[in-house]
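*Asks:* The following comprises the amino acid sequence and a computationally predicted model.
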Number of protein chains: 2
Amino acid sequence: MDNNSLNKHISGQFNLELEDVRSQVMAMGGLLEQQLKDALDAVQNGDKEQAKRVMASDRKINAMEVAIDEECTRIIAKRQPAASDLRLVLAISKTTADLERIGDACVRVARTVLETKNADRQGTLVSMDAMGRHASRMLNETLDAFARMDVDAAFRIHKEDIKVDKEFEAVMRQLMTFMMEDPRSIPSVLDVLWATRALERIGDRCQNICEYVIYFVKGKDVRHMDSDDLEDLLR
Amino acid sequence: MDNNSLNKHISGQFNLELEDVRSQVMAMGGLLEQQLKDALDAVQNGDKEQAKRVMASDRKINAMEVAIDEECTRIIAKRQPAASDLRLVLAISKTTADLERIGDACVRVARTVLETKNADRQGTLVSMDAMGRHASRMLNETLDAFARMDVDAAFRIHKEDIKVDKEFEAVMRQLMTFMMEDPRSIPSVLDVLWATRALERIGDRCQNICEYVIYFVKGKDVRHMDSDDLEDLLR
């Protein structure tokens, strides 16, 4: 075997490893979409058993985070990637950390089913439902952008997060009114408020993942960049 | 120059780079201790100007995160570190991300000075003060453990976080009572509640950093490990 074909072999093997770790991230993302859907369904139907299943499945998510991150470290140590290969591995490692936290948010949402009394829940469900659908769509689009490393989609979703933030502010005002009208509802409404806040944070996590996609494609760390500068970069 | 001395030279240069990036993390940590102290002082004294300074300084923290992470990537690409050197670089990169989020928590605390009316603030200050002192101490000890890569200290601080969580629950109950007794105070008290929650999250961030210290020293990713298994590992 001459050197050239050896290099090809090495690089082919390397590509397989990169593809494998990327598909692990997609599998983790798929599981999270299911977790979020199940958590929101459990809330909608007051289904305690489903809520408990969501909470139990979070272990799988945590294990996936550790496994993927370990694989990333192994690839860096063994393959010594540079340039865009290194950026891909680092982007994957960071994405996994944000996905794991989306898993925590799903658990937080599911927990309201166990902690909030049914009677108090009814009035506050509507607000949570809208936030939940928005967060689900954003997660779905973010995972798509990550799968295709689509920088334009990443940028579009990144801007979308402002809407989720505004939605959260509106929900918070609404929940405050509930509490002021009926102070006995305060503990239950606060619980819903934490869950809604967790949904809002899913938007922030998606925004982070979009930043890693942009980092991978453009080779530029865009965290904390204001949106005008970001738009200039992408033009 | 023979190969051996060249290797020594390279490795000496590499050590300098690692030391440099570590000291950048310590500088970032020092700035964060100051930010947290200033934010808590601003709350205590109702000092709007100081609160605004904390919010403005957060840009420095964000820039430090990006600069340190860029340096970590450069070291990986150029030096191709393995084993404990690689673990150190990865631990530094992750620590920086958590430090940046502690910076966001300081901003959240400072913002209460601008958003909460003085009259409403008085009753709730005591609770925030205790949480604030606890978070400050934990941050200080975490940065010490990181500076000395002290795995025993990291483990001790890691366990400490349960106390902060319990403290937060107590504060939350107290703030709920305030709201139920005087529903007009709800918006202000909620604002203090978010800030207290941010202080509680500082404890979680410190816990994460302790996990990276353990990862660097022990070569084992201990995220999501339960405390019995963790204790076994450290024995």
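*Replies:* Yep, it's here.
*Asks:* drop to CA atoms for contacts and neighbour counts, all remaining ones
*Replies:* Fine.
*Asks:* Around chain B, which positions in chain A sit nearby?
*Replies:* Proximity of chain A to chain B is confined to A:62, A:66, A:76-77, A:80-83, A:86, A:176, A:179-180, A:183-184, A:186-187, A:221, A:223-224 under the rule Cα under 8 Å from any Cα of the partner chain.
*Asks:* Swap in 6 Å and give it another go.
*Replies:* By the rule Cα under 6 Å from any Cα of the partner chain, the part of chain A lying against chain B is A:77, A:80, A:82, A:180, A:183.
*Asks:* tell me the contacts of the last one?
*Replies:* Going by Cα atoms under 6 Å, 6 or more residues apart in numbering or on different chains, residue A:183 touches residue B:180.
*Asks:* make it 10 Å
*Replies:* For residue A:183, the contacting residues are A:176, A:177, A:189, B:176, B:177, B:179, B:180, B:181, B:182, B:183, B:186, by Cα atoms under 10 Å, 6 or more residues apart in numbering or on different chains.
*Asks:* picking that back up, looking at the residues of chain A next to chain B, spot the one nearest residue B:206.
*Replies:* Among those, residue A:77 lies closest to residue B:206 (Cα to Cα), at 27.1 Å.
*Asks:* Among the contacts of residue A:183, name the buried ones.
*Replies:* Using 16 or more other Cα atoms under 10 Å in any protein chain shown as the burial test, the contacts of residue A:183 include A:176, A:189, B:176, B:179, B:180, B:183, B:186 as buried.
*Asks:* Just give me the closest of the residues you listed to residue A:139.
*Replies:* Nearest to residue A:139 among the buried ones among the contacts of residue A:183: residue A:189, at 25.5 Å, using Cα to Cα.
*Asks:* helix or strand for the closest one, which one?
*Replies:* Using DSSP states H and E, residue A:189 falls within helix A:186-218.
*Asks:* Kindly provide the whole-number mean pLDDT of whatever helix or strand comes next after that helix.
*Replies:* The helix or strand immediately downstream of helix A:186-218 is helix A:227-234, counting by DSSP H and E. Averaged across helix A:227-234, the pLDDT comes to 86.
*Asks:* same deal with stretch A:113-124?
*Replies:* Average pLDDT, stretch A:113-124: 70.
*Asks:* likewise stretch A:38-56?
*Replies:* Taken as a whole, stretch A:38-56 has a mean pLDDT of 95.
*Asks:* what's the spacing between that stretch and its chain's center?
*Replies:* 19 Å (Cα atoms, centre = their mean, to the nearest Å).
*Asks:* List the buried residues of it.
*Replies:* A:38-44, A:46-48, A:50-55.
*Asks:* State the pair within those that is farthest apart.
*Replies:* Going by Cα to Cα, the pair spanning the buried residues of stretch A:38-56 furthest: A:44 and A:55, at 16.2 Å.
*Asks:* Would you check how far apart residue A:223 and residue B:72 are?
*Replies:* When distance is defined by Cα to Cα, to the nearest Å, residue A:223 is 16 Å away from residue B:72.
*Asks:* So which of these two has more stuff around it?
*Replies:* Using other Cα atoms under 10 Å in any protein chain shown, the more surrounded residue of residue A:223 and residue B:72 is residue B:72, with 23 against 18.
*Asks:* Surely the more buried one touches residue B:25?
*Replies:* No - taking contacts as Cα atoms under 10 Å, residue B:72 lies outside contact range of residue B:25: 11.1 Å.
*Asks:* Could you tell me which residues touch both of the two?
*Replies:* In contact with both residue B:72 and residue B:25: B:92, B:93, using Cα under 10 Å, 6+ apart.
*Asks:* got a markdown table for the buried ones among the contacts of residue A:183, with secondary structure too?
*Replies:* Shown next, in a markdown table, are the buried ones among the contacts of residue A:183 (DSSP: H, G, I helix; E, B strand; the rest coil):
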| residue | secondary structure |
| --- | --- |
| A:176 | helix |
| A:189 | helix |
| B:176 | helix |
| B:179 | helix |
| B:180 | helix |
| B:183 | helix |
| B:186 | helix |
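*Asks:* Closest one to residue B:145 out of these, please.
*Replies:* Within these, proximity to residue B:145 (Cα to Cα) peaks at residue B:176, which comes in at 35.9 Å.
*Asks:* ok, now how distant is the closest one from residue B:110?
*Replies:* For residue B:176, the distance to residue B:110 - Cα to Cα - is 22 Å.
*Asks:* Could I get the full set of helices for chain A?
*Replies:* Along chain A, counting by DSSP state H, helices occupy A:3-45, A:48-79, A:83-115, A:118-148, A:151-181, A:186-218, A:227-234.
*Asks:* and those as JSON lines, adding distance to residue B:105?
*Replies:* Shown next, in JSON lines, are the helices of chain A (distance: least, Cα to Cα, whole Å):
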{"stretch": "helix A:3-45", "distance to residue B:105": "26"}
{"stretch": "helix A:48-79", "distance to residue B:105": "24"}
{"stretch": "helix A:83-115", "distance to residue B:105": "17"}
{"stretch": "helix A:118-148", "distance to residue B:105": "23"}
{"stretch": "helix A:151-181", "distance to residue B:105": "17"}
{"stretch": "helix A:186-218", "distance to residue B:105": "14"}
{"stretch": "helix A:227-234", "distance to residue B:105": "22"}
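*Asks:* My guess is residue A:49 contacts residue A:41. True?
*Replies:* No - applying Cα under 10 Å as the test, residue A:49 and residue A:41 come out as separate, 11.3 Å apart.
*Asks:* Mind listing the shared neighbours of the two?
*Replies:* With contacts taken as Cα under 10 Å, 6+ apart, residue A:49 and residue A:41 have no neighbour in common.
*Asks:* need the contact list for residue A:43.
*Replies:* Counting by Cα under 10 Å, 6+ apart, residue A:43 makes contact with A:37, A:50-51, A:109-114, A:116, A:118, A:121, A:125, A:128-129.
*Asks:* quick one: which of these has the most company?
*Replies:* Using other Cα under 10 Å as the neighbour test, these are led by residue A:109, with 31 neighbours.
*Asks:* excluding its backbone neighbours, what's nearest it?
*Replies:* Excluding the flanking residues, the one nearest residue A:109 by Cα to Cα, 6 or more residues apart in numbering or on different chains is residue A:195, at 4.8 Å.
*Asks:* do residue A:140 as well
*Replies:* Residue A:140 sits nearest to residue A:33 (Cα to Cα, 6+ apart), 7.0 Å away.
*Asks:* Quick one: neighbours of the one you found, just the number.
*Replies:* The tally of other residues near residue A:33 (other Cα under 10 Å) stands at 21.
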